[in-house]
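**Q** Generate a structure from the sequence data that follows.
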Amino acid sequence: MLKWVFPAICALAMAAAGCIAQQSATNTATPTATAAPVATVAPAAPVPAVTPGLERKIEIMIRAELGVPPQYEMAIGPRQKSDVNGYDTIAVTFLLPSQPNRKQTVDFLLSKDSSTLARLSKWDIGPDPAAMLPTEGRPVRGNPDAKVMIVNFDDLECPYCAQMNAEFFPATLDRYKGLVKFVYMDYPLVEIHPWAMHAAVNANCLAAQNGTAYWNYVDYLHTHGQDISGPDNNLAKSTAMLDKLADLEGTREELNAAKLDACVAKQDDSRILAEMRAGDKAGVNATPTFFVSGERWAGELEEHQLWIMIDRALKEQGIAVPAPAPPAATPQPAAKPGK
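**A** Have a look, this model is predicted:
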């Protein structure tokens, strides 16, 4: 799992600079004292440089082993001293030119003889990023007071998200009858789904006035994605249709038309980008990604697997798990005519 680390590094760097400045000021005000003998320390062996040829080898290996998409660029930093015996540290930054603000830096271990690359994973078991997802104010499907919440990072142009949306809601809500609630957060993959961000903004404009309008819009888009894309995949036509659908939903739910139109026209994606950043910190890198009371699952998930996760979350809360539905009766063969 790749972890966003730039804010933490910057904070540490600024804190260290402040400490150095403070110490210098204190030393100038201190009376001169007799210097004590200082032991001679042998200089540390210099850390060898990463040559262009070695950089290329490292990049090829990381791309192959991690499945880094071709459109992502990689920047390999200098070798640094490591706490792991026999290895140095190199920082590798992954970036997407179309989204320069979304950078991700990961530390790798490089053996002293430059023959082995390793990745030492560390997991912080302190604060749970999933528990800090900004779900406040999001539309809820199910019982708003339920103790078990399923958070789904959704892309409204994602075909598999559409399948999950159609299959999970009816059966899961029927099985658990008020024990769970669903909340959707936005994670539009704009590199491959060109109208997903526009759809997410429109959905949020509806959600700002009425949760039912939001869910109606989400359900419709997830069942008519091909119609919205159209045979020619014309983005202008798709966004025009998305706006028209939002307007129709606003009329049906008797929303404030002027407020809705202004919101749709503005196309403010700041909240969606904030949700995406929160998702990144919680380990989201694909859609759909589910969090069931903090337990994460990304990608393909069958209904009974989701229910196992929900059952586990209910037991943690001390809530009885619903009994499985009895198997359907085997139909008897029809009698032959005349009998």
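
**Q** can we go C-alpha only for contacts and neighbour counts from here?
**A** Will do.

**Q** Please report how far Glu249 lies from Asp155.
**A** Taking C-alpha to C-alpha, to the nearest Å as the measure, Glu249 falls 20 Å from Asp155.

**Q** Same question for Asp128.
**A** Going from Asp128 to Asp155 by C-alpha to C-alpha gives 23 Å.

**Q** and those two? which has more neighbours close in?
**A** Per other C-alpha atoms under 10 Å, whichever of Asp128 and Asp155 has more neighbours is Asp155, with 29 against 12.

**Q** Report the contact partners of the more buried one.
**A** Contact analysis of Asp155 by C-alpha atoms under 8 Å, 6 or more residues apart in numbering lists 161, 186-189, 196, 200, 287-288.

**Q** does Leu109 really touch Ser121, like I thought?
**A** No: here Leu109 does not reach Ser121: they are 10.7 Å apart, not a contact under C-alpha atoms under 8 Å.

**Q** ok, these two, which is more surrounded?
**A** Neighbour totals were compared for Leu109 and Ser121, and Leu109 leads with 22 against 10 (other C-alpha under 10 Å).

**Q** Pull the contacting residues for the more buried one.
**A** Counting by C-alpha under 8 Å, 6+ apart, Leu109 makes contact with 82, 87-90, 117-120.

**Q** Put the buried members of those residues into a ChimeraX selection.
**A** Per 16 or more other C-alpha atoms under 10 Å, the buried members of these correspond to this ChimeraX selection:
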select :87,88,89,90,117
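
**Q** wait, doesn't Ala286 sit right on Trp297?
**A** No: contact between Ala286 and Trp297 fails when scored by C-alpha under 8 Å: they sit 10.1 Å apart.

**Q** Filter the contacts of Asp155 down to the ones in strands?
**A** Among these, the members found in strands (DSSP state E) are Asp186.

**Q** Could you dump the contacts of Asp155 into CSV and include neighbour count and pLDDT?
**A** Shown next, in CSV, are the contacts of Asp155 (neighbours: other C-alpha atoms under 10 Å; pLDDT from 0 to 100):
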residue, neighbour count, pLDDT
Cys161, 21, 93
Asp186, 26, 97
Tyr187, 29, 97
Pro188, 26, 97
Leu189, 20, 95
Ala196, 23, 98
Ala200, 24, 98
Thr287, 22, 93
Pro288, 24, 93
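
**Q** ranges for the helices of the protein?
**A** Secondary structure of the chain (DSSP state H): helices located at 6-28, 52-66, 159-176, 196-207, 211-223, 225-229, 235-252, 257-266, 270-281, 303-316.

**Q** Which of those helices sits closest to Pro322?
**A** helix 159-176 (6.7 Å; C-alpha to C-alpha).

**Q** Which strands or helices does the closest one pack on?
**A** Helices and strands touching helix 159-176, by 3 or more C-alpha pairs under 8 Å, 6 or more residues apart in numbering; DSSP states H and E, are helix 211-223, helix 303-316.

**Q** If you average pLDDT over each of these, which is lowest?
**A** Lowest mean pLDDT of the helices and strands packed on helix 159-176: helix 303-316, a mean of 93.

**Q** Next, the angle from that helix to helix 159-176.
**A** For helix 303-316 against helix 159-176, the angle between stretch directions is 50 degrees (axes from the mean of the first three to the mean of the last three C-alpha atoms, to 10 degrees).

**Q** And helix 303-316, how far out from the chain middle?
**A** In terms of C-alpha atoms, centre = their mean, to the nearest Å, the centre of helix 303-316 is set 21 Å apart from its chain centre.

**Q** and if you look at stretch 134-149?
**A** Taking C-alpha atoms, centre = their mean, one finds the center of stretch 134-149 at 18 Å from the center of the full chain.

**Q** Next, the buried residues of that stretch.
**A** Residues 138-144, 147-149 are the ones in stretch 134-149 that count as buried (16+ other C-alpha under 10 Å).

**Q** lowest-pLDDT helix or strand in the chain?
**A** Lowest mean confidence among the helices and strands of the chain (mean pLDDT, DSSP states H and E): helix 6-28, at a mean of 28.

**Q** Strands of the stretch 1-150 of the chain, start to end?
**A** Using DSSP state E, counting those that start in this stretch, the strands of the stretch 1-150 of the chain run over 73-76, 80-81, 87-96, 99-111, 117-118, 140-142, 148-154.

**Q** tilt between the last one and helix 196-207?
**A** Right, the one you point to is strand 148-154. If you take the same axes, to 10 degrees, strand 148-154 sits at 140 degrees to helix 196-207.

**Q** angle of strand 148-154 against helix 211-223?
**A** 50 degrees.

**Q** helices and strands around strand 148-154, which ones?
**A** Applying 3+ C-alpha pairs under 8 Å, 6+ apart, we find strand 148-154 packed against strand 180-186, strand 289-292, helix 303-316.
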